[in-house]
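In: Predicted model and sequence follow; I will ask about them next.
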Amino acid sequence: MDNDRNKFVVLVSDKPHNLSICHFNMAGITFSGNIKSRKDTADVDILIVHGLVVTMDPSFRVLEDGALAIRDGRIADLGETADILSRYHGRKVIDAHRKLILPGLINAHTHAPMNIYRGYADDLSLNEWLYGRIFPLEMAFVNRDNVRMGTQLAIAEMLRSGTTTFNDMYYYSDVMAEVVDQCGIRAVLSEGLFDEPVHNAKTAADVLRFTEEMIHSWNGHPRLRIGVAVHAPYSAKPALYRAANELAEKHQVLLSTHLSETRWEFDQIKKQYGYTPVKHLENLGVLGPHLVIAHGIYLTREDMELLARYDVGVAHNPQCNMKLANGTAPIPELQHLGVRVGIGTDGVASNNDLDLFDEIRSSALTQKLVTGDPTVMDARTVLECVTIGGARLLGMEKMIGSLEAGKQADIILLDLKHPHAWPHYNIYSLIVYSLRGSDVETVMVDGRLLMENREITCLDQEKLYDEVQSVQQKISSWHLQKQTGGG
């Protein structure tokens, strides 16, 4: 019995393979139509039926009783449930009644292994946070095992809040790649470049060679891309930016960097080189459509026009920027100029979570506050930033970011059976201002179910929590020794 519709559903057959659906209700029996013979329908791996489908396609179609047919990791078809059921037979059928179906969300900028540092260094300025707390901590605890553990914890958190793709910059990207491959999520991974030696390399040249090896090793992987990343203009000299850019252009991969994140950085680069950080990178020949800058808070009008002219992408990280009191990126102005914008969480050491639903709400609200204009960053616009807009930022818009036939089946289902999910006057407003990452019930990447009914299939979370607790105790002991002068 379907309790929500108050009627029974039975199958009636007068001939083999010729079925009709009957709905019994108080008025009697109503036939809602015929289901075609199995021989008249195409087999697909998964059918998702009776869902509220928000496609984020070019026409922003919304299907009130929608369905998707999934075959070989792609969306074979989508449309009204009755039509899809009449033409496809699913080996597995997911009933999405009173569920919202969305494209998987895209985290434009993060540092996944830093999940093990959540809450370690809060309520500090960026300089104190980075140089006084995080860099010393990383010198003591960045290793292959901790990177693996942090990446697993981050992926579990991302999947449970609907993220299916993330763009990351950290160390030991070979370890991260193994975890991404095993867990089934989609990612762009980059090894961070600094002038100074890092945890797994003595020189920047070593990191560049390692990055090129990674590009070759993972070339052709269906869900994993390797990029190039320079930390920031205050930690990397011009020669390193040029070398990184040359490598990215040679292999046609993404180049990422932190840029114009703080007033200190803006003033420091201008003092050192005579130009703003954006103009400095233009002088180095680095600006281009392959470049994604994280933050972009301190931008002059000329800077914004340069970003638009060179088609540079911007990864906006509102909660991290608020927490460190760095400022707010001028996102409405950038979008008005045609700059591609995605939204990221940054790492949880400065956020402190990876929930993109939380992030998009913050993005919309902070822009309204700082501009004094309640119409900017409307709900649909901000949702675009973590779906098709995020895909454009990463050069993946032909693969993911919207629910369209032929695209990869990166799909999330949210449970709407909660008081905060009703009513539905404007579906985009509901998603951005009311729904939560904890409403995500099912997650699919490349047609593979990574989470179903809130159960993640690719990770042993209890074992992971024990491992994280163990390293947290070691970090706490290390910190206490430092505080008491013993380390």
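Out: That came in fine, so what should we check first?
In: just for the protein, where's the confidence low?
Out: Low-confidence segments of the chain (pLDDT under 70): 1-39, 486-487.
In: ok, 80 please
Out: For the chain, the stretches with pLDDT under 80 are 1-40, 485-487.
In: longest single strand anywhere in it?
Out: strand 42-54 (DSSP state E).
In: What are the buried residues along that one?
Out: 44-54 (16 or more other Cβ atoms under 10 Å). Yep, even glycine has a C-beta here, placed from its N, CA and C like the rest.
In: Same list (those) but as CSV, adding distance to residue 241.
Out: Shown next, in CSV, are the buried residues of strand 42-54 (distance: Cβ to Cβ, whole Å):
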residue, distance to residue 241
44, 47
45, 45
46, 45
47, 49
48, 45
49, 51
50, 52
51, 46
52, 46
53, 43
54, 40
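In: Quick check: can you name the pairing partners of the longest strand of the chain and their directions?
Out: strand 62-71 (antiparallel), strand 88-95 (parallel), strand 99-103 (parallel) (DSSP bridges).
In: Show me the contact partners of the second one.
Out: Outside of strand 88-95, the residues within contact range by Cβ atoms under 8 Å, 6 or more residues apart in numbering are 38, 41-50, 69-70, 76-77, 413, 442.
In: same thing with the last one?
Out: Outside strand 99-103, the residues that touch it by Cβ under 8 Å, 6+ apart are 48, 51-56, 66, 68, 162, 387-388, 400-403, 410-416, 421, 427, 431, 435, 441-442.
In: again, only this time at 7 Å
Out: Applying Cβ atoms under 7 Å, 6 or more residues apart in numbering, the contact partners of strand 99-103 are 48, 51-54, 56, 66, 68, 387, 400-403, 410-416, 441.
In: same check, this time on stretch 344-352
Out: Contacts of stretch 344-352 (Cβ under 7 Å, 6+ apart): 107-111, 114-115, 117-121, 129, 134, 294, 315, 317, 319-320, 323-324, 354, 356, 359.
In: Next step: those residues restricted to helices.
Out: Cross-referencing the contacts of stretch 344-352 against helices under DSSP state H gives 319-320, 323, 356, 359.
In: Any of those buried? List them.
Out: For those, buried by 16+ other Cβ under 10 Å: 319-320, 323, 356, 359.
In: Farthest pair within these?
Out: Distance extremes for these: the farthest pair is 323 and 356 at 16.0 Å, using Cβ to Cβ.
In: what's the distance between the nearest residue to residue 198 once chain neighbours are set aside and residue 432?
Out: Distances taken as Cβ to Cβ, 6 or more residues apart in numbering place residue 171 nearest to residue 198, at 6.0 Å, with adjacent residues excluded. In this view, residue 171 and residue 432 are 34 Å apart by Cβ to Cβ, to the nearest Å.
In: Then residue 472?
Out: Applying Cβ to Cβ, the value for residue 472 to residue 432 is 33 Å.
In: Name the residue in the two with the higher neighbour count.
Out: residue 432 (23 against 15; other Cβ atoms under 10 Å).
In: residues touching the more buried one, list them.
Out: The contact partners of residue 432, by Cβ under 7 Å, 6+ apart, come to 360-361, 364, 379, 382-383.
In: out of the residues you listed, what pair is the most spread apart?
Out: Pairwise distances among the contacts of residue 432 were taken by Cβ to Cβ; the largest, 10.5 Å, belongs to 361 and 383.
In: Identify the single longest helix in the chain, thanks.
Out: Secondary structure assigned by DSSP H gives helix 461-483 as the longest helix of the chain.
In: Please list the outside residues in contact with that helix.
Out: Here helix 461-483 has contacts from 116, 120, 140-141, 146, 149, 152-153, 156, 487, using Cβ under 7 Å, 6+ apart.
In: Repeat that for stretch 353-371.
Out: 105, 107, 110, 154, 157-158, 161-163, 316, 318-319, 322, 328, 331-332, 343, 345, 348, 374, 376-377, 379, 382-383, 385-386, 432-433, 435-437.
In: go with 8 Å
Out: Outside stretch 353-371, the residues touching it (Cβ under 8 Å, 6+ apart) are 105, 107, 110, 115, 118, 154, 157-158, 161-163, 316-319, 322, 328, 331-332, 343-345, 348, 374, 376-379, 382-383, 385-386, 431-433, 435-437, 439.
In: These, buried ones only, as a PyMOL selection?
Out: Buried residues within the contacts of stretch 353-371, by 16+ other Cβ under 10 Å, are selected in PyMOL with:
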select buried, resi 105+107+110+115+118+154+157+158+161+162+163+316+317+318+319+328+331+332+343+344+345+348+376+377+378+379+382+383+385+386+431+432+433+435+436+437+439
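In: From the contacts of stretch 353-371, which land in strands?
Out: Short answer: those in strands (DSSP E) are 105, 107, 110, 163, 316, 343.
In: and these as CSV, adding distance to residue 301?
Out: As requested, these are exported to CSV (distance: Cβ to Cβ, whole Å):
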residue, distance to residue 301
105, 31
107, 29
110, 29
163, 33
316, 18
343, 23
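In: Report the two of those residues separated the most.
Out: Largest separation among these by Cβ to Cβ: 163 and 316, giving 15.5 Å.
In: quick check: angle from the helix or strand containing residue 370 to strand 105-110?
Out: Secondary structure assigned from DSSP states H and E places residue 370 in helix 356-371. Here the directions of helix 356-371 and strand 105-110 differ by 70 degrees (axes from the mean of the first three to the mean of the last three Cα atoms, to 10 degrees).
In: separation between the closest residue to residue 337 other than its chain neighbours and residue 314?
Out: Take residue 337 and drop its neighbours on the chain: the residue closest to it by Cβ to Cβ, 6+ apart is residue 308, 4.0 Å away. Residue 308 is 10 Å from residue 314, where distance means Cβ to Cβ.
In: who's more crowded, these two?
Out: residue 314 (31 against 17).
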